[in-house]
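Chemist: Whatever this is, show me its structure:
(4 chains)
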2 protein chains.
Amino acid sequence: MFDIFLKYLTDKIEISSQEIQLIESVCKPKKLRKKQFLLQEGDVWHYNAFICRGLVKTFSIAENGTEHIISFAPENYWTGDRESLHSGNPSRLNIDAIEPTELILIEKSDFEKLCAEIPRLNQLVNQIIQKSFIVSQGRILANISFTAEEKYQNFLEKYPHIVNRIPQHMIASYIGITPETLTRLRKNMVKK
Amino acid sequence: MFDIFLKYLTDKIEISSQEIQLIESVCKPKKLRKKQFLLQEGDVWHYNAFICRGLVKTFSIAENGTEHIISFAPENYWTGDRESLHSGNPSRLNIDAIEPTELILIEKSDFEKLCAEIPRLNQLVNQIIQKSFIVSQGRILANISFTAEEKYQNFLEKYPHIVNRIPQHMIASYIGITPETLTRLRKNMVKK
DNA sequence: CGATTCTTTGAAAACAGTCAATCTGTGTGG
DNA sequence: CCACACAGATTGACTGTTTTCAAAGAATCG
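Modeler: Presented below is the predicted three-dimensional model:
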């Protein structure tokens, strides 16, 4: 499992074998079964999590019980709740596994030490956060300016690699419409 | 104008007088009249911009000419297009002044030098980006899970300090509804 | 196979958008 | 200082889209 993470890292930055050892020493591998929670509302999140295999989703649950999906994270993506991680407050989010998943957890304090020791890693992390921000700005624009159909199209274009691994009703949740509406809108799209 | 920026900085991080000189040497003050563009679609954005006084908005223009507002930035906020800044591609966004505005521009290359020279500043920048990301995640959740009325309520709660400086139709644009719908929804809220 | 999860369908109701007209307040130029 | 122009807000009537709820069909998994 660590080898996957290592491959990801060495693809992005140069690291010495000493640094690799340091990193490995703080990595906690974890496996999730389908539907198993990685983070549950009310708990404090204090990790950085890297997905090696599988697929998880981050979501919030409304008072009426509806799930609203904030993000998907397949292999080679990071996940977690940065808000809870940063503030130390109980999370309002949930993360669970859509597929059986293998991931690596790094404790907040360990991760900070790593970043202090390995400047390139620190840079990488900051780049990732910046990129996440840019992506989420794009999603906001889609949210406020696109029609339901355009939002779906946009999703298909942006995430072709994971579309067929995600049930339709979760895509509906992600783009902010009901599953029924998505069904109908797809029927319309086929016609054209 | 620089004094405002300096106050902001010294409130957040410690800086030596030498560093202050260095910073000041790369700051370009700029004034905008109401409705004046800071950035126009198609241009490449290569600054970091700090608002000292006034208020600007960042928006995208749809094919039919509708403006979709992605963010507001009043005094003591940063603005710009991180996507264009990062990629070097022409921007798809516009930034213009809602109020007469005074701001400070720092060239991308100068800014990078500053960050390299002043680690605390670099840290501050990364914190700001991380915070922006957390905020935009919250906005996405609001977008996909709230009703129009809740979105408006949410806006009032989150931005009380600037609500009365922003015309209603711009708030409507920001939350992704038409100005007419906002009018009606406000009338409903008064009743209760 | 049986159970569960996911998708589809239908009909009605709620909601939001469009377009055009009117109203209100502000500020500028004569 | 007034009148007029302009931007912004509101209203009405209408249309179109999306949700809701309930039920029935697929598909998948153990």
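Chemist: give me the element the residue nearest to A:Ala142 when sequence neighbours are not counted is part of.
Modeler: Excluding its sequence neighbours, the residue lying closest to A:Ala142 (Cβ to Cβ, 6 or more residues apart in numbering or on different chains) is A:Asn154, at 5.4 Å. Where C-beta positions appear, they are placed from N, C-alpha and C, glycine not excepted. For A:Asn154, the element it lies in under DSSP states H and E is helix A:148-158.
Chemist: Around chain B, which positions in chain A sit nearby?
Modeler: Residues of chain A lying close to chain B by Cβ under 8 Å from any Cβ of the partner chain are A:60, A:62, A:66, A:68-70, A:82-83, A:86, A:126, A:129-134, A:136-141, A:143-145, A:173-176.
Chemist: what sits against A:Arg139?
Modeler: Counting by Cβ atoms under 8 Å, 6 or more residues apart in numbering or on different chains, A:Arg139 touches B:Ile140.
Chemist: and the one helix or strand it maps to, which residues are buried?
Modeler: Using DSSP H and E, A:Arg139 falls within helix A:119-145. Using 16 or more other Cβ atoms under 10 Å in any protein chain shown as the test for burial, helix A:119-145 gives A:121-122, A:125-126, A:129-130, A:132-134, A:136-145.
Chemist: Return the mean pLDDT over it, rounded to an integer.
Modeler: Throughout helix A:119-145, pLDDT has a mean value of 97.
Chemist: how far out from the middle of the chain is that helix?
Modeler: With Cα atoms, centre = their mean, to the nearest Å as the basis, helix A:119-145 stands 12 Å off its chain's centre.
Chemist: can I assume A:Gly42 is in contact with A:Leu93?
Modeler: No. The criterion here is Cβ atoms under 8 Å, and A:Gly42 misses it with A:Leu93 at 10.1 Å.
Chemist: who's more crowded, those two?
Modeler: Taking other Cβ atoms under 10 Å in any protein chain shown, A:Gly42 and A:Leu93 do not tie; A:Leu93 has more neighbours (22 against 9).
Chemist: ok, now which ones touch the closest residue to that one other than its chain neighbours?
Modeler: Sequence neighbours aside, A:Asp81 is the residue nearest to A:Leu93 in space, at 4.9 Å (criterion: Cβ to Cβ, 6+ apart). Listed by Cβ under 8 Å, 6+ apart, the contact partners of A:Asp81 are A:39, A:45, A:58, A:91, A:93, A:95.
Chemist: Dihedrals phi and psi, A:Asp81?
Modeler: In terms of degrees, to the nearest 10, the main-chain angles of A:Asp81 are phi -120, psi 100.
Chemist: One more: A:Tyr159?
Modeler: phi -130, psi 50.
Chemist: Return a PyMOL selection command for the buried portion of the contacts of A:Asp81.
Modeler: A single PyMOL command selects the buried members of those (16+ other Cβ under 10 Å):
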select buried, chain A and resi 39+45+58+91+93+95
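Chemist: Among the contacts of A:Asp81, pick out the one closest to B:Pro100, please.
Modeler: For B:Pro100, the closest of the contacts of A:Asp81 turns out to be A:Leu93, at 40.7 Å, with distances computed as Cβ to Cβ.
Chemist: same question for stretch A:35-48, mean pLDDT?
Modeler: 96.
Chemist: where do the helices sit along chain A?
Modeler: Under the criterion DSSP state H, chain A contains helices at A:2-12, A:17-26, A:82-87, A:108-117, A:119-145, A:148-158, A:160-163, A:168-175, A:179-191.
Chemist: Deepest-packed of these, please.
Modeler: Among these, ranked by average contacts under mean count of other Cβ atoms under 10 Å in any protein chain shown, first place goes to helix A:168-175 (a mean of 20).
Chemist: quick one on the thing from earlier: for the helix holding A:Asn154, output the C-alpha coordinates as CSV.
Modeler: Backbone C-alpha positions of helix A:148-158 (Å, rounded to 0.1, in the frame of the first residue of the first chain) are rendered in CSV as follows:
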residue,chain,number,x,y,z
ALA,A,148,-29.1,21.2,-14.5
GLU,A,149,-28.3,19.7,-17.8
GLU,A,150,-25.1,21.7,-18.2
LYS,A,151,-24.0,20.8,-14.7
TYR,A,152,-24.4,17.1,-15.6
GLN,A,153,-22.5,17.5,-18.9
ASN,A,154,-19.8,19.4,-17.1
PHE,A,155,-19.5,16.6,-14.6
LEU,A,156,-19.1,14.0,-17.3
GLU,A,157,-16.4,16.1,-19.0
LYS,A,158,-14.5,16.8,-15.8
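Chemist: Which strands or helices does it pack on?
Modeler: helix A:119-145, helix A:168-175, helix A:179-191 (3 or more Cβ pairs under 8 Å, 6 or more residues apart in numbering or on different chains; DSSP states H and E).
Chemist: does it come close to DNA strand D?
Modeler: Yes. Using Cβ under 7 Å from any atom of the strand, helix A:148-158 reaches DNA strand D at A:148-149.
Chemist: Mind putting the helices of chain A into a markdown table with distance to B:Ser25?
Modeler: Shown next, in a markdown table, are these (distance: least, Cβ to Cβ, whole Å):
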| stretch | distance to B:Ser25 |
| --- | --- |
| helix A:2-12 | 34 |
| helix A:17-26 | 37 |
| helix A:82-87 | 33 |
| helix A:108-117 | 30 |
| helix A:119-145 | 25 |
| helix A:148-158 | 42 |
| helix A:160-163 | 47 |
| helix A:168-175 | 47 |
| helix A:179-191 | 55 |
